[in-house]
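**Student:** Sequence and predicted structure are below.
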Amino acid sequence: MSVLAEFAMFPTDKGESVSPYVSRILKIFQKGEIPYRLTPMGTVFETETLPQALSIIEEAYEKLAPDCRRVYATVKFDIREGVTNRMEGKIASIEEKIGKVVS
């Protein structure tokens, strides 16, 4: 199984720039166990199960909870049986179809 997740999470009570808080969340991925990609509007990651993905979302919230009184989050899941490595595979498939050389 492959669970692709895209999420954004940040405090709404800390002013205009929240990058220090988002940085806390990204430290979850520094262990290198979960493939992820940071984008300007959120983070995409891939796990093998839905409980693993939900655990990461919960851990992200726990990084903010101690000193953030209000947290905003959006989460999208794409869950598919029988495949893996979709984070790379989906991009490669599109690039192949538009004629871009995939490195």
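**Tutor:** Cool, got the structure. Numbers count the residues shown, from 1 in each chain.
**Student:** all strands for the chain, in order.
**Tutor:** In the chain, strands defined by DSSP state E lie at 2-11, 36-39, 42-47, 71-80, listed in chain order.
**Student:** Pipe these into JSON lines and attach distance to Tyr21 and mean pLDDT per row.
**Tutor:** Quick note: C-beta positions are derived from backbone N, CA and C, even for glycine. Supplementary listing: the strands of the chain in JSON lines, determined by distance: least, Cβ to Cβ, whole Å; pLDDT from 0 to 100:
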{"stretch": "strand 2-11", "distance to Tyr21": "5", "mean pLDDT": "98"}
{"stretch": "strand 36-39", "distance to Tyr21": "14", "mean pLDDT": "96"}
{"stretch": "strand 42-47", "distance to Tyr21": "13", "mean pLDDT": "98"}
{"stretch": "strand 71-80", "distance to Tyr21": "9", "mean pLDDT": "98"}
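**Student:** Next, format these as CSV and append distance to Ala65 and mean neighbour count.
**Tutor:** Rendered in CSV, the data for those read as follows (distance: least, Cβ to Cβ, whole Å; neighbours: other Cβ atoms under 10 Å):
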stretch, distance to Ala65, mean neighbour count
strand 2-11, 10, 19
strand 36-39, 21, 13
strand 42-47, 18, 20
strand 71-80, 7, 13
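**Student:** pLDDT value on the residue nearest to Arg69 when sequence neighbours are not counted, please?
**Tutor:** Excluding its sequence neighbours, the residue lying closest to Arg69 (Cβ to Cβ, 6 or more residues apart in numbering) is Asp13, at 5.0 Å. Reported pLDDT at Asp13 in the predicted model: 98.
**Student:** what's near enough to touch Asp13?
**Tutor:** With contact set as Cβ atoms under 8 Å, 6 or more residues apart in numbering, Asp13 has these partners: Cys68, Arg69, Arg70.
**Student:** next one: Ala60
**Tutor:** Contacts for Ala60 were tallied using Cβ under 8 Å, 6+ apart; they are Phe7, Met9, Ile25, Ile28, Ala73.
**Student:** Most neighbours of all the contacts of Asp13, which one?
**Tutor:** Taking other Cβ atoms under 10 Å as the neighbour criterion, Cys68 ranks highest of the contacts of Asp13 with 19 neighbours.
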